[in-house]
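Engineer: Model the structure of this input:
(one chain, ligands or ions: 2)
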Amino acid sequence: MGANKKLLIAHFGELWLRGRNRNVYIKMLKKNIMSQLKGERFRLEDMYDRLALRLDADSDLNSIKSKISNIFGISAYEVAYSTKPDIKHIVSTSKALLKECGAKSVRIHAHRSYKGFKFNSMDIIRRLVVAAEKIGVDPCIKDFEKELYVSVTKDEAFVYMERIRGSGGLPVGSSGKCIVLLSGGIDSPVAAWYAMKRGLFPVYLHVHGFSSNKEAMDSKISRITRILSKYSAGCSAYYVPSHIFQLGAMKSGRYELVLMKSFMLSLAESVAKKEGADCIVTGESLGQVASQTIHNIAAEESGIKIPIMRPLIGFDKVEITEQAKRLGTFEESIKPYRDVCSINSKNPATRADVSTVKELAAGMNMRKVVRRSLRMASMAAPNQDENGGFRQK
Ligand code: ATP
Ligand code: MG
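Structural biologist: Ligands and ions are numbered 1, 2, ... in the order given. So this is what the prediction gives:
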């Protein structure tokens, strides 16, 4: 492809583009691209209603593509060649691309955003039809193997054959911050991904049963947060020990699990205040395990004042599992782990009563338990230098 320069052209999701906050969103998206692609060689530029990532000769295209595919707020992107905006260069670049891809048939599209260009889109297509036939590629509009796109602007023309779907959604951070209750299981990492997809920046909170925070921070939980950093870099994680709660809840019998969830939500609410987060996210779905009933959910969340999002509420386990595999968290999630909820879940109450939960919580002085537990918590802060790695504080 000689002197032609390669670039990625990223398109925004259309919905939010029309809103009044357009510039804020684009700024956020650019910031996210810069942090997710840290270490890659590219130059980010505004390009009309798109973004251009200009590549160097030594840019790692495959690595950049796989990272861009995970960034929310990009609906699609193209891997394009930039050439001079004249018909000679457009034709020669198109021919080279067609030869390179080896397709026998092609559908040709042309678009001219710069009306000063003396060829209109039909003229461009006609020239390209002739050029394609010359090299033995059949131009057609049905049953084609590949598509060729040409887009002409004032300063350059873009030629590409590869249009790739992005993750869609909203730029992470554009909807605010959330506290994700992260367990060692399959569901909550998937819930975190959906929250990020809708523009929430996650801060993770994990409650563990180890004798030290260090052990929890060295466990698979930090590996899960590292995998999730593919979708949003720079997220912190709180590790809170459960032993103070467990001592207090010893006499709560079948209500222990409901109380544990209520404890976790209270912790999340306190951390939300500290972090300036607006809501809590959990991986609960309805009826997936015996304890996930609407009565229990109501009892657990009573007294919590900020919204609790449950992105997986209507998903069944098969759907969640498939998504976890796509996200890359499944393998870690199925590794053995003694989650505090599974330790406590022998024959749990399934129709918890709000007033009983309140009584039990008051009896064990839940507020104090939350305060003391948080005092014993550790936070793993994101290591900005390592793009997603975590440094212990
Ligand atoms: P998961 O697969 O996410 O563990 P689950 O189907 O096992 O979910 P539960 O164990 O009832 O269901 O947990 C429901 C939700 O409670 C989790 O998705 C998570 O948001 C939160 N949660 C459970 N255990 C913990 C924990 N140890 N620390 C923080 N949050 C937790
Ligand atoms: Mg679980």
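Engineer: The closest residue to ligand 1 within the stretch 251-393 of the chain is in what secondary structure piece?
Structural biologist: Nearest residue of the stretch 251-393 of the chain to ligand 1 (C-beta to the nearest ligand atom) works out as Gly283 at 2.5 Å. No exception for glycine: its C-beta is placed from N, CA and C like everyone else's. Following DSSP states H and E, one finds Gly283 outside all helices and strands.
Engineer: Use 471 as the first number for this chain going forward.
Structural biologist: Taking 471 as the first residue, the last one we looked at is Gly753.
Engineer: Can you get me a residue count around the closest residue to ligand 2 within the chain?
Structural biologist: Going by C-beta to the ion, ligand 2 is nearest to Gly655 of the chain, at 3.3 Å. Using other C-beta atoms under 10 Å, Gly655 has 19 neighbouring residues.
Engineer: Around the closest residue in space to it that isn't next to it in sequence, how many other residues sit close by?
Structural biologist: Distances taken as C-beta to C-beta, 6 or more residues apart in numbering put Ser803 closest to Gly655, at 5.9 Å, once the chain neighbours are dropped. For Ser803, the count of nearby residues is 23 (other C-beta under 10 Å).
Engineer: now Arg796
Structural biologist: There are 11 residues near Arg796, going by other C-beta under 10 Å.
Engineer: ditto for Thr820
Structural biologist: 15.
Engineer: what kind of secondary structure is it in?
Structural biologist: coil (DSSP: H, G, I helix; E, B strand; the rest coil).
Engineer: Please give me every residue in contact with the nearest residue to Thr763 once chain neighbours are set aside.
Structural biologist: Excluding the flanking residues, the one nearest Thr763 by C-beta to C-beta, 6+ apart is Thr820, at 5.2 Å. Applying C-beta atoms under 8 Å, 6 or more residues apart in numbering to Thr820 gives the contacts Ala760, Ser761, Thr763, His765, Asn766.
Engineer: Skipping adjacent residues, who's closest to the fourth one in space?
Structural biologist: Nearest-residue entry for His765: Arg821, 4.5 Å, with adjacent residues in sequence omitted and distances by C-beta to C-beta, 6+ apart.
Engineer: need the residues of this protein near ligand 2, please.
Structural biologist: Ser653, Gly655 (C-beta under 5 Å from the ion).
Engineer: hey, where'd the strands end up in the stretch 721-863 of the chain?
Structural biologist: 749-751, 778-779, 848-852, 860-862 (DSSP state E, counting those that start in this stretch).
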